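Asker: A structural model of the following input is requested.
(2 chains)
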Amino acid sequence: MSALRVVKSAEFDLLEVRRDFPALHQKVHGKPLIYLDNAATTQKPKPVIDAVDRFYRFDSSNVHRAVHVLSDRATKAYEGARTTVKQYINARSEREIIFVRGTTEAINLVMNSFARPRVKAGDEILISALEHHSNIVPWQLLAEQTGARLVVAPIDDRGELMLEEFERRLGPRTALVAVAHISNALGTIMPVHEIVQMAHARGVPVLIDGAQAIAHLHVDVRELDCDFYAFSGHKVFGPTGIGVLYGRESLLEQMPPYQGGGDMIRSVTFEKTIYNELPYKFEAGTPHIAGAIGLGAALDYVSRVGLVRAAAHERELLDYGTALLGAVPGLRFIGTAREKVGVLSFVLDGVHPHDVGTVLDRDGIAVRTGHHCAQPVMDRFGVPATTRASLALYNSKAELDALAHGIRRVQKLFAV
Amino acid sequence: MNDIEISDLYQEMIVDHSRRPRNFRRIEHATHQADGFNPLCGDKVKVYVHLENDVLRDVSFEGEGCAISKASASLMTETLKGKSKSEAEQLFSRFRNLATGSGDGSDLGKLAVFSGLKGFPTRVKCATLVWHTLRAALEQTPGTVSTESGADSGGFV
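Answerer: Numbering: from 1, shown residues only, chains lettered A, B, ... in the order given. Predicted coordinates:
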């Protein structure tokens, strides 16, 4: 009996998971929605929608301030979400979990408060060739302001980091390594363990952009041994406008505040202001309380479904989709890394991605077309844009069948 | 909205012009030229005009982009050859009205084939990029033209 239960609990119940996501059950252009744009943002399960709704319905109040009961409830829920995040990524303490607007703000925080005070002219920031613009542009701003240099480690034709080339670029001037955990345009899983080891062997701190990884991989910041880890709530079934910067406490302690305002101070006089302790030193102003609570609910949801089971399901979908689309004549995948998550990025002979996207949209299929905020990746592969189908735990093989059918329809329409 | 089908947008003539664009060349001694670029989608166009006594004796384009942008450029150059500057301006205005659903396409000739655009507001900017670029060429406006913000952007940027 108990063995049977174990087997059952190890199963991934796709129908049940899909029932949790109200937005999936709608029609667009008269067709059932097939949502394959999960690398851009994910749909939200009922527990997240309910948590946000409950906050605004009953607990709406400011945090860390008043003695009244609503403020107490809001504070407990907000700080409870911080604990959930801490446990989810296995940080040592809540002091290491800073709520921000998203991955972009997290990276900008590290740029402003960690890198800028340390970096001198001629120092180098090492990134990879598959970064999202949000992990390129902040470092270019830093370079403009300080005279530091941006150094880029190349990727190969599969879209994998050339690790030996990366290591060759780690030098005495390297001040920081900033790399994606997973490429948003290609789905490549980066060898972050090796990257951290190589960097730390030379005393170089590492920031990991986890925007694409958080919904797909088990993230353990202690095991990764990274110094900073950034991610967004909305890519892991949580609300938009909330994200997390994990930072090693010893580094956060040394860093000056990112923004000034309320909540980040202990005492203020016109002569001197004493900053609050971690993590509040970095959370100036009223935070996105509902967002944080929603994010906590989202992470709880993923834990309940089981990330390992979900990842196995996504792996099966990726293999299925790769074989299915790979058999379409005139279709070329962009990004064929051996280690990747559910991203099917491709170009079609004779049809521009935007036309592919428009035709698929009329079939109810939502994909992303364009450069995916990773223009250097597009340049690397010599294409202006791709069509990208990106998977989440609620997608099905039937949806990939519909995608393949839609692509055939596109080819017929354009007579290619 | 639902009665506008995908085949209303990608009509045979549009697909044909996108695959075999007319006047897809450079004009060596162009009197006017301008560049258009929509960085979000990557559509790029360069418009050349040979203007003589306010008449567009020759119009051509180069560039890359989606089927809508290429077909629009191809059909625009075909239509405008031999027209005066003010006729070109009037056609542009009528074309925009057609694309955004406020005009019926009468007096537009072949360009009326873009009537399906009114059901695809996010693609209007693809079709109008080349027209805005033409206007910039004729008015000798410096800089690169874009339709990813403003009236033709389909409400998103």
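
Asker: Whichever helix or strand B:Ala34 is part of: what's the following helix or strand?
Answerer: With the criterion set as DSSP states H and E, the secondary-structure element containing B:Ala34 is strand B:32-38. Read in the C-terminal direction, the helix or strand following strand B:32-38 is strand B:43-52, with elements assigned using DSSP H and E.

Asker: Does anything pack onto the strand holding B:Ala34? Which helices or strands?
Answerer: For strand B:32-38, the contact count by 3 or more Cβ pairs under 8 Å, 6 or more residues apart in numbering or on different chains; DSSP states H and E identifies strand B:43-52, helix B:124-139 as packing neighbours. (Each C-beta comes from the backbone N, C-alpha and C, glycine too.)

Asker: Contacts for the first one, please.
Answerer: Applying Cβ atoms under 8 Å, 6 or more residues apart in numbering or on different chains, the set of residues contacting strand B:43-52 from outside is B:26-27, B:29-38, B:56-66, B:69, B:73, B:85, B:126, B:129-130, B:133-134, B:137-138.

Asker: what distance separates the following helix or strand past it from the centre of its chain?
Answerer: Taking DSSP H and E as the definition, the helix or strand that follows strand B:43-52 towards the C-terminus is strand B:55-64. Relative to the mean C-alpha coordinate of its chain, strand B:55-64 is positioned 11 Å out (Cα atoms, centre = their mean, to the nearest Å).

Asker: Wait, a helix at A:His372?
Answerer: No - the secondary structure assignment for A:His372 gives coil rather than a helix, going by DSSP: H, G, I helix; E, B strand; the rest coil.

Asker: So what's the predicted local confidence for it?
Answerer: The predicted local distance difference test score for A:His372 is 84.

Asker: For it, give its distance to A:Ser390.
Answerer: In this structure, A:His372 lies at 9 Å from A:Ser390, with Cβ to Cβ, to the nearest Å as the measure.

Asker: And B:Asn23, by the same measure?
Answerer: As judged by Cβ to Cβ, B:Asn23 and A:Ser390 stand 39 Å apart.

Asker: number of nearby residues for A:Val67?
Answerer: Neighbour count for A:Val67, taken as other Cβ atoms under 10 Å in any protein chain shown: 6.

Asker: Distance check, it against A:Phe58.
Answerer: Distance of A:Val67 to A:Phe58, computed by Cβ to Cβ: 18 Å.

Asker: still on that earlier bit, touching both of A:His372 and A:Ser390, which residues are there?
Answerer: In the contact map built from Cβ under 8 Å, 6+ apart, the residues linked to both A:His372 and A:Ser390 are A:Ala39.

Asker: Contact partners for B:His29?
Answerer: The contact partners of B:His29, by Cβ under 8 Å, 6+ apart, come to B:His50.

Asker: Report the secondary structure state of it.
Answerer: The local conformation at B:His29, judged by three-state DSSP, is coil.

Asker: tell me the phi and psi of it?
Answerer: B:His29 adopts backbone torsions of phi -110, psi 50, taken as degrees, to the nearest 10.

Asker: before we move on, what about A:Leu170?
Answerer: Residue torsions, per degrees, to the nearest 10, at A:Leu170 are phi -80, psi 120.

Asker: Give me the neighbour count for the residue nearest to it when sequence neighbours are not counted.
Answerer: By the measure of Cβ to Cβ, 6 or more residues apart in numbering or on different chains, the closest residue to A:Leu170 outside its immediate chain neighbours is A:Arg202, 5.6 Å from it. The number of residues packed around A:Arg202, counting by other Cβ under 10 Å, is 12.

Asker: What parts of the stretch 201-350 of chain A come near chain B?
Answerer: A:Gly350 (Cβ under 8 Å from any Cβ of the partner chain).

Asker: At which residues are the helices of the stretch 201-350 of chain A located?
Answerer: Taking DSSP state H, counting those that start in this stretch to define them, one finds helices in the stretch 201-350 of chain A at A:221-224, A:249-254, A:289-305, A:307-326.

Asker: Take these and lay them out in JSON lines including mean pLDDT and mean neighbour count.
Answerer: Formatted as JSON lines, the helices of the stretch 201-350 of chain A follow (pLDDT from 0 to 100; neighbours: other Cβ atoms under 10 Å in any protein chain shown):
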{"stretch": "helix A:221-224", "mean pLDDT": "98", "mean neighbour count": "16"}
{"stretch": "helix A:249-254", "mean pLDDT": "98", "mean neighbour count": "14"}
{"stretch": "helix A:289-305", "mean pLDDT": "98", "mean neighbour count": "23"}
{"stretch": "helix A:307-326", "mean pLDDT": "97", "mean neighbour count": "16"}
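
Asker: Make JSON lines out of these and add distance to A:Ile407.
Answerer: Conversion of the helices of the stretch 201-350 of chain A to JSON lines gives the following (distance: least, Cβ to Cβ, whole Å):
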{"stretch": "helix A:221-224", "distance to A:Ile407": "37"}
{"stretch": "helix A:249-254", "distance to A:Ile407": "47"}
{"stretch": "helix A:289-305", "distance to A:Ile407": "30"}
{"stretch": "helix A:307-326", "distance to A:Ile407": "7"}
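
Asker: Show residues contacting stretch A:106-120.
Answerer: Taking Cβ under 8 Å, 6+ apart as the rule, stretch A:106-120 contacts A:98, A:100, A:125, A:134-135, A:138-139, A:141-142, A:145-148, A:175-176, A:178, A:205, A:207, A:209, A:228, A:230-231, A:243-245, A:247, A:251, A:255-258, A:282.

Asker: lowest average confidence, helix or strand, in chain A?
Answerer: Comparing every helix and strand of chain A by mean pLDDT, DSSP states H and E singles out helix A:2-10 as the least confident one, with a mean of 45.

Asker: so after that one, what's the next helix or strand?
Answerer: Along the chain past helix A:2-10, the next helix or strand (assigned with DSSP H and E) turns out to be helix A:14-19.

Asker: Just the CA coordinates for that next one, please, in PDB.
Answerer: Extracted C-alpha coordinates of helix A:14-19, given in PDB (Å, rounded to 0.1, in the frame of the first residue of the first chain):
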ATOM      1  CA  LEU A  14      -0.200  17.100 -15.900                       C
ATOM      2  CA  LEU A  15      -3.900  17.500 -16.000                       C
ATOM      3  CA  GLU A  16      -4.000  18.400 -12.300                       C
ATOM      4  CA  VAL A  17      -1.100  20.900 -12.800                       C
ATOM      5  CA  ARG A  18      -2.900  22.500 -15.700                       C
ATOM      6  CA  ARG A  19      -6.100  22.900 -13.600                       C
END
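
Asker: Against which helices or strands is it packed?
Answerer: The criterion is 3+ Cβ pairs under 8 Å, 6+ apart, and there are no helices or strands that helix A:14-19 contacts.

Asker: what distance separates it from the centre of its chain?
Answerer: The chain centroid and the centroid of helix A:14-19 are separated by 23 Å under Cα atoms, centre = their mean.

Asker: For it, give the mean pLDDT please.
Answerer: The average of the pLDDT scores along helix A:14-19 is 97.

Asker: residues contacting the nearest residue to A:Leu318 once chain neighbours are set aside?
Answerer: With Cβ to Cβ, 6+ apart as the measure, A:Gly342 is the residue that lies nearest to A:Leu318, at 4.9 Å, once sequence neighbours are left out. For A:Gly342, the set of contacting residues under the criterion of Cβ under 8 Å, 6+ apart consists of A:Asn38, A:Gly187, A:His216, A:Glu314, A:Leu317, A:Leu318, A:Gly321, A:Ser390, A:Leu391, A:Ala392, A:Asn395.

Asker: tell me how far the ends of stretch A:83-94 are from each other?
Answerer: Using Cα to Cα, to the nearest Å, one end of stretch A:83-94 lies 6 Å from the other.

Asker: Could you do stretch B:142-149 as well?
Answerer: Stretch B:142-149 has its terminal residues 18 Å apart, counting by Cα to Cα.

Asker: what does chain B put close to chain A?
Answerer: Neighbours of chain A within chain B, by Cβ under 8 Å from any Cβ: B:2, B:5-7, B:9-10, B:15, B:18-19, B:40-42, B:64-68, B:120, B:122-123, B:126.

Asker: Just the buried residues of those residues.
Answerer: By the neighbour-count criterion of 16 or more other Cβ atoms under 10 Å in any protein chain shown, those include these buried positions: B:6, B:9-10, B:15, B:18-19, B:40-42, B:65-68, B:120, B:123, B:126.

Asker: I am finished for the moment; much appreciated.
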